[in-house]
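# dropping the sequence and predicted coords here.
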Amino acid sequence: MSNMETHSAELVCADEAGPERSIEILSAREVPLGGPRAMTVRRTLPQRARTLIGAWCFADHYGPDDVALTGGMRVPPHPHTGLQTVSWLFSGEIEHRDSLGNHALVRPGELNLMTGGFGISHSEVSTPRTTVLHGLQLWVALPEPHRHTGRDFQHHVPGVVPLDGGEARVFLGSLAGDASPVPTFTPLLGAEVSIEPNATVRLSVDEEFEHGVIVDRGEVRMNGTWMKAAELGYAAPGLTMLTLTNASPQRARVVLLGGPPFREEIVMWWNFIGRSHEDIVQAREAWQRGSDRFGRVEGYDGDRLPAPALPHATIAPRKNRAEYHGPA
């Protein structure tokens, strides 16, 4: 998915989370994807309080969206550098086309992971069969040794892992005795977790990871801290057991993200991740002049997405808070 904000902020980001003390609650902000009947997404990463969770650097949560009212998703061909995109649906169907020549369908419960590396482009369009569109679009920052890696596309259908009080689908990394076969450039965890009504799920997690829980449905307690739908709960490294409690009479659903703190500073602007302002300038210029760096998306009926204007500002470092001690 493209970052469709017309005034895309340029950020230098680094994660400096300290030992686990409490659960930090981050609220989402609404961002329209564009058009007269814009589909709106809820963005929890990046934001001022936190810019990364492990290498996870971007999280858009959307739906349930009635496509008869909003027109659904129609994102023209657009570029990416220095990152991987992770598509995860709860309902609906999205047609993916990329400059590697892949033409794939994104369906509920199926992982689609695209590696941008030095440069890739793709389009995303909800299919005519879609009535309700609901899911997450996530980005992963690539570490310095691999940020110019080649283009790639992976598809994986994770199995259902039974849990005491719920179930999980592990799309990246390992959890509850299950492991995804999809390789990543840094250790990562990505999983959908459903929690039965009035039940608690206890998950053993890697204490070297920081973790984020995005609530899709229901009101959930994360290690005793209440979270509402669309909120993200953050736990710093040091956590060995994650407890998710659903106190409602309906089934709850969350997405769990994790990874060791990503210590590199990164510059994020529009759909690009680099290490300097010049990296971003070069990527934007290459996209605007139709460079082979990003290839071509074949089969999309329409024009590609132009890049917004660069901001007239000096890049200032923007970092996570060094340590979270709970509410002030």
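Received the coordinates, thanks.
# wouldn't Asn198 be in contact with Ser248 here?
Yes: applying CB atoms under 8 Å, one finds Asn198 in contact with Ser248, separated by 7.4 Å. Yep, even glycine has a C-beta here, placed from its N, CA and C like the rest.
# tell me where the model's unsure across this protein.
1-21, 34-38, 314-328 (pLDDT under 70).
# which residues does the spatially most central residue of it contact?
Centroid check for the chain by CA atoms, centre = their mean gives Leu138 as the closest residue, at 1.5 Å. Applying CB atoms under 8 Å, 6 or more residues apart in numbering to Leu138 gives the contacts Trp56, Phe58, Ala59, Asp60, Thr85, Val86, Ser87, Trp88, Gly190, Leu257.
# go with 7 Å
Trp56, Phe58, Ala59, Val86 (CB atoms under 7 Å, 6 or more residues apart in numbering).
# next step: those residues restricted to helices.
Per DSSP state H, helices hold no members of these.
# among those residues, which ones are in strands?
Among those, DSSP state E puts Trp56, Phe58, Ala59, Val86 in strands.
# can you lay out the residues you listed as TSV showing neighbour count and distance to Asn223?
As requested, the ones in strands among the contacts of Leu138 are exported to TSV (neighbours: other CB atoms under 10 Å; distance: CB to CB, whole Å):
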residue	neighbour count	distance to Asn223
Trp56	26	19
Phe58	23	25
Ala59	25	20
Val86	25	25
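# count of residues packed around the closest residue to Trp226 other than its chain neighbours?
Nearest residue to Trp226, sequence neighbours excluded (CB to CB, 6 or more residues apart in numbering): Glu219, at 6.5 Å. Counted by other CB atoms under 10 Å, the residues lying close to Glu219 total 16.
# so how far is Arg253 from Glu219?
12 Å (CB to CB, to the nearest Å).
# now swap in Thr115 and tell me
Taken as CB to CB, the span from Thr115 to Arg253 is 27 Å.
# for those two, indicate the residue with more neighbours.
Thr115 (23 against 19).
# in space, what's closest to the more buried one - neighbours in sequence excluded?
Asp152 (4.0 Å).
# just list the residues touching Gln154, thanks.
Leu113, Val182.
# quick check: it is in a strand.
Yes: secondary structure assignment places Gln154 in a strand (DSSP: H, G, I helix; E, B strand; the rest coil).
# quick check: bridge partners of it?
Leu113 (DSSP bridges).
# and Arg293, that's in a helix?
Yes: under three-state DSSP, Arg293 sits within a helix.
# how many other residues sit next to His80?
Neighbours of His80 (other CB under 10 Å): 28.
# Asn271 is in contact with that one, correct?
Yes: the pair His80 / Asn271 is scored as a contact, 5.0 Å apart, by CB atoms under 7 Å.
# overlap of the contact sets of those two?
By CB under 7 Å, 6+ apart, no residue touches both His80 and Asn271.
# which residues touch the nearest residue to Gln288 once chain neighbours are set aside?
Counting by CB to CB, 6+ apart, Gln288 lies nearest to Ala307, which is 5.8 Å off, once chain neighbours are set aside. Residues near Ala307 by CB under 7 Å, 6+ apart: Trp270, Arg284, Trp287, Gln288.
# neighbours of the last one, how many?
It refers to Gln288. Gln288: 11 neighbours (other CB under 10 Å).
# and it, what are its phi and psi?
Phi and psi for Gln288, reported as degrees, to the nearest 10, are phi -60, psi -30.
# distance of it relative to Met241?
Gln288 is 49 Å from Met241, by CB to CB.
# again with the first one
Using CB to CB, one gets 39 Å for the distance from Trp270 to Met241.
# same check, this time on Gly92
For Gly92, the distance to Met241 - CB to CB - is 34 Å.
# quick one: which of these two has more around it?
When Gly92 and Met241 are compared for neighbours, Gly92 comes out ahead with 24 against 10, by other CB under 10 Å.
# need phi/psi at the more buried one.
Torsion angles, degrees, to the nearest 10, at Gly92: phi 100, psi -170.
# contacts only, for it.
With CB under 7 Å, 6+ apart, Gly92 has these contacts: Ser126, Thr130, Val132, Leu133, His134, Gly135.
# type out the PyMOL command that picks the buried ones from those residues.
A single PyMOL command is used to select the members of the contacts of Gly92 judged buried by 16 or more other CB atoms under 10 Å:
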select buried, resi 126+130+133+134+135
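# would you reformat the contacts of Gly92 as a markdown table and include distance to Ser204?
Output for the contacts of Gly92, formatted as a markdown table (distance: CB to CB, whole Å):
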| residue | distance to Ser204 |
| --- | --- |
| Ser126 | 37 |
| Thr130 | 37 |
| Val132 | 34 |
| Leu133 | 34 |
| His134 | 29 |
| Gly135 | 27 |
